[in-house]
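1. Compute the structure for the input listed below.
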Amino acid sequence: MYVSNCIRPNIAFVVNLLARHSAAPTKHHWMGVRNIFIYFQGITDLDLFYQFDQNKSIIGYTDLGYQSDPHNIRSQIGFLCLHGGTSISWKSSKQTLISIPIH
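-> Just a heads-up that it's a prediction; the model follows:
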């Protein structure tokens, strides 16, 4: 969890998702862990760079996945803030309230 949150935030979501099943992982979950390590092998030369003379604009993005967890009917929400094209802040979390559609 430390690596995903502090050093490589680009894998934080999938690590959090796999950590939810750490008490009783299945073969499917172990394949997810293997895929994370394969991903690491392909991005060893990629880093985030903050340059002094970069564009000073701040751009924000947000997204919501309606009922993205079908087991407990919770939605996932997230945001990303970029400064000059490089991420400076992000968050992804489950909603605390349950959404049930009315037909």
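2. how close does residue 42 sit to residue 35?
-> 11 Å (C-beta to C-beta, to the nearest Å). The C-beta positions use only the backbone N, C-alpha and C, and glycine is treated the same way.
3. neighbour-wise, which of these two wins?
-> residue 35 (13 against 8; other C-beta atoms under 10 Å).
4. Regarding the chain, what is its longest helix?
-> Longest helix in the chain by number of residues (criterion: DSSP state H): helix 27-42.
5. Assess the claim that residue 11 and residue 37 are in contact.
-> No - checked against C-beta atoms under 8 Å, the pair residue 11 and residue 37 is beyond contact range at 10.3 Å.
6. Tell me which of those two has more neighbours.
-> Regarding residue 11 and residue 37, a neighbour count based on other C-beta under 10 Å identifies residue 11 as having more, with 18 against 8.
7. Next secondary structure after the lowest-mean-pLDDT helix or strand in the chain?
-> Within the chain, no helix or strand scores below helix 2, which has a mean of 57 by mean pLDDT, DSSP states H and E. As assigned by DSSP states H and E, the chain's next helix or strand after helix 2 is helix 12-19.
8. for the spatially most central residue of the chain, what are its contacts?
-> Nearest to the geometric centre of the chain sits residue 13, at 2.8 Å (C-alpha atoms, centre = their mean). Contacts for residue 13 (C-beta atoms under 8 Å, 6 or more residues apart in numbering) come out as 78, 92.
9. quick one: pLDDT of it?
-> For residue 13, the pLDDT comes out at 75.
10. ok, so what distance separates it from residue 20?
-> Taking C-beta to C-beta, one finds residue 13 at 11 Å from residue 20.
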